[in-house]
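Trainee: Take this sequence and fold it.
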Amino acid sequence: MNFPNVESLEEAESLARASCLVDDEDRRQHRKFWECLRSRTLLPFLSPPRVLRSQSEFQTWFLDWLGGVDDKELVVGMMAMYQLWLARNEAREVPMIEDPEELAKRTVRLVEEWQAVQATSSVSKQQTVEHWLPPAAGWYKCNADGAFSQGDGHGGGGVVIRDHQGAFLAGESLFFPLVSDPERAELLACHRAVQLAREKGVQKIQLETDCQGAVSKLRSTEMDRSVHGPLVEDIKKLLEEFEEASVNHVRRTGNMVAHKLAKLGCLNNVNSAWNVVPPGFLVTMLDSDAGD
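Mentor: Numbering: from 1, shown residues only. Take a look at the predicted model:
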């Protein structure tokens, strides 16, 4: 990321002092932050539209920006915005906001420090990746995952059942037309996973999901009195019908097959089911899990 040189900053410094003070309450927020000389100096690649009618419109634009920039711009942009925010807060107590050259230098220094820390910790992060693990002989593992579309108010679920050798028994991609929040989508997926296991004659089940909240609720011996309580209690009752049952948490990397099916159901708005023979798009992932 190339910042303007010192000469160009000094040349415009007198204008910056007049246009970048935070006590000018008459200026619109867009003008006061995004069109300020320091913002345009530090963030030439980040400028929202002039007309943003609501916080949700800004959120939509910002998320689109996050998805379109490269890693270097993302890191520098986020750090620079944070430093600008700090400088404006401090300017409420002092007569002038911090010099833009110092803001730029500190941003670059902090980014370099952060990148150095990330480089030294990359090895340990790779070692924490969790993979799908088969259950003990005689048991079946039922992986479940939920997906949620806040804008559409619906969700999806993914369910896959495998034995101790990783062999595929059954799987479903589900569409939930009315879902209030992500946790409900997760619980609906767990509910269907347990139902499907019963339909397939499974006697010993390990229900596994990457939603820690759902796991905590299903493990609790107390009656769940939350908004999802009836659904939670129904799943608990179904689990009692098995010869043996357990509920476990797994990281997303160990739940990728169910995750893919959940996203598919949420996106396509349809229910799909497979018995014994998995769909072609899952074969590689299933083989990889069995190989691990």
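
Trainee: next one: phi and psi at residue 223?
Mentor: Reported as degrees, to the nearest 10, the phi and psi values for residue 223 are phi -70, psi 130.

Trainee: who's in contact with it?
Mentor: 229, 233 (Cβ atoms under 8 Å, 6 or more residues apart in numbering). From N, CA and C alone the C-beta is placed, and that goes for glycine too.

Trainee: That one and residue 235, how far apart?
Mentor: 13 Å (Cβ to Cβ, to the nearest Å).

Trainee: Helices of the chain, start to end?
Mentor: 6-11, 13-19, 29, 37-42, 55-68, 71-90, 100-127, 182-199, 212-219, 229-239, 256-268, 280-291 (DSSP state H).

Trainee: Compare those helices and give me the one nearest residue 137.
Mentor: helix 280-291 (14.8 Å; Cβ to Cβ).

Trainee: returning to that earlier point: closest one to residue 169 among the helices of the chain?
Mentor: helix 182-199 (8.8 Å).

Trainee: I'd like the average pLDDT over the closest one.
Mentor: Helix 182-199 comes out with an average pLDDT of 96.

Trainee: Could you name the helices and strands sitting against that helix?
Mentor: strand 140-149, strand 154-162, strand 168-176, strand 204-209, helix 212-219, helix 229-239, helix 256-268 (3 or more Cβ pairs under 8 Å, 6 or more residues apart in numbering; DSSP states H and E).

Trainee: so that helix versus helix 212-219, what angle?
Mentor: Orientation check (axes from the mean of the first three to the mean of the last three Cα atoms, to 10 degrees): helix 182-199 against helix 212-219 gives 50 degrees.

Trainee: buried stuff in helix 182-199?
Mentor: The neighbour-count check on helix 182-199 (16 or more other Cβ atoms under 10 Å) flags 182-197 as buried.

Trainee: circling back: and the helices and strands packed on helix 182-199 as TSV, adding mean pLDDT?
Mentor: As requested, these are exported to TSV (pLDDT from 0 to 100):
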stretch	mean pLDDT
strand 140-149	95
strand 154-162	96
strand 168-176	96
strand 204-209	97
helix 212-219	94
helix 229-239	96
helix 256-268	94
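
Trainee: correct me, but residue 285 touches residue 254?
Mentor: No. Residue 285 is beyond contact range of residue 254, at 11.7 Å (criterion: Cβ atoms under 8 Å).

Trainee: neighbour count winner among these two?
Mentor: Taking neighbours as other Cβ atoms under 10 Å, residue 285 and residue 254 compare with residue 254 leading, 21 against 16.

Trainee: which non-adjacent residue is nearest that one?
Mentor: Nearest residue to residue 254 in three dimensions, chain neighbours excluded: residue 130, at 4.3 Å (Cβ to Cβ, 6 or more residues apart in numbering).

Trainee: Contacts only, for residue 116.
Mentor: Counting by Cβ under 8 Å, 6+ apart, residue 116 touches no other residue.

Trainee: so what pLDDT did it get?
Mentor: On pLDDT, residue 116 comes in at 82.

Trainee: ditto for the one 3 residues further on
Mentor: pLDDT, the model's per-residue confidence, is 74 for residue 119.

Trainee: What is the neighbour count of it?
Mentor: 9.

Trainee: for it, what are its contacts?
Mentor: Going by Cβ under 8 Å, 6+ apart, the list of residues near residue 119 is empty.

Trainee: distance of it from residue 109?
Mentor: 16 Å.

Trainee: Roughly how far does residue 207 sit from residue 185?
Mentor: 16 Å.

Trainee: With residue 81 instead?
Mentor: 32 Å.

Trainee: Likewise for residue 92?
Mentor: Residue 92 is 43 Å from residue 185, by Cβ to Cβ.

Trainee: Find me the pLDDT at residue 4, would you?
Mentor: On the pLDDT scale, residue 4 gets 43.

Trainee: let me fix that: residue 105
Mentor: At residue 105, pLDDT is 78.
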